[in-house]
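# Show me the folded form of this:
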Amino acid sequence: MSGGTGKVVVNRCMSLDGFIAGPDDTMDWVFDFAAPDAPWLAEIAAATGAMLVGRRTHEVGKRMRAGEEAGSAEKEEGYPFSGPVFVLTHEPPDPPDPGVTFLTGDLGEAVATALDAAGGKDLEILGADVAGQCLERGLVDEISVYVLPVLLGSGVRFSPPRPGRIDLEPISSTQADAVTILRFRVAR
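You can find the predicted model right below:
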């Protein structure tokens, strides 16, 4: 589902054994392999006009920005994205976080709102549950996976179990330092 030239893209760093976060939602291991100033990250950020994030992922990001996780990038060294961020949640926080728009209600409407705000650029979907729901509803155009050379053994899987098969068409496979970048188009 895309409007204008922007695509709805699920972007993920993932361990070789299929985890996008470690136990207790830890993400510090990502920075062992993906420097915040990596050119491939800058390229992704430049193509991204907005993000739609799940509430749990938003909370993990807040913890990382606060430096509460060993190995976390400092706030000024994080992902070089500066567009609008939308958080899909059943219950917005009180008080709300500044600089973030909380959305409740229909997933399709949330994706449409965030894609419109992307201004013709890509909408990046973050969060295992939100991405899984978007894939299940046919709202995703592409998936980009950044496979890191580590086995975590446990944590948050790439996608929670969902009914139904989703076929993907390979777009590209490249290597950037220790990261293997796989891109897929969601078959319609």
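# use CA for all of it now, contacts and neighbours both
Will do.
# Helices of the protein, residue ranges please.
39-47, 55-65, 107-117, 128-136 (DSSP state H).
# Let me know which of those is tucked in deepest.
Highest mean neighbour count among the helices of the chain (mean count of other C-alpha atoms under 10 Å): helix 128-136, with a mean of 20.
# Distance from the chain centre to the least confident helix or strand in the chain by mean pLDDT, please.
Least confident helix or strand of the chain, by mean pLDDT, DSSP states H and E, is helix 55-65 with a mean of 74. Taking C-alpha atoms, centre = their mean, to the nearest Å, the mean C-alpha location of helix 55-65 is offset from the chain mean by 12 Å.
# please begin residue numbering at 22 from this point
Yes, from this point I'll number from 22; that puts the last item at helix 76-86.
# Next, the angle from it to helix 149-157.
Between helix 76-86 and helix 149-157, the angle comes out at 140 degrees (axes from the mean of the first three to the mean of the last three C-alpha atoms, to 10 degrees).
# Which residues are in contact with the most centrally placed residue in the chain?
In the chain, the centroid-proximal residue (C-alpha atoms, centre = their mean) is Leu147; its distance is 2.7 Å. Going by C-alpha atoms under 8 Å, 6 or more residues apart in numbering, Leu147 touches Val31, Asn32, Arg33, Met72, Leu73, Val74, Gly75, Thr78.
# try it again with 6 Å
The contact partners of Leu147, taken as C-alpha atoms under 6 Å, 6 or more residues apart in numbering, are Val74.
# Also Arg209?
Here Arg209 is in contact with no residue (C-alpha under 6 Å, 6+ apart).
# likewise Val132?
Counting by C-alpha under 6 Å, 6+ apart, Val132 has no contacts.
# redo that, cut-off 8 Å
Leu73, Leu160.
# Repeat that for Pro113.
Phe123, Leu124, Thr125.
# Which of the residues you listed fall in strands?
Phe123, Leu124 (DSSP state E).
# Out of the contacts of Pro113, who's the most crowded?
Leu124 (23 neighbours; other C-alpha atoms under 10 Å).
# Can you give me the distance of Gly185 to Gly82?
From Gly185 over to Gly82 the distance is 30 Å, taken as C-alpha to C-alpha, to the nearest Å.
# actually Ala63, not the one I typed
Distance from Ala63 to Gly82, by C-alpha to C-alpha: 18 Å.
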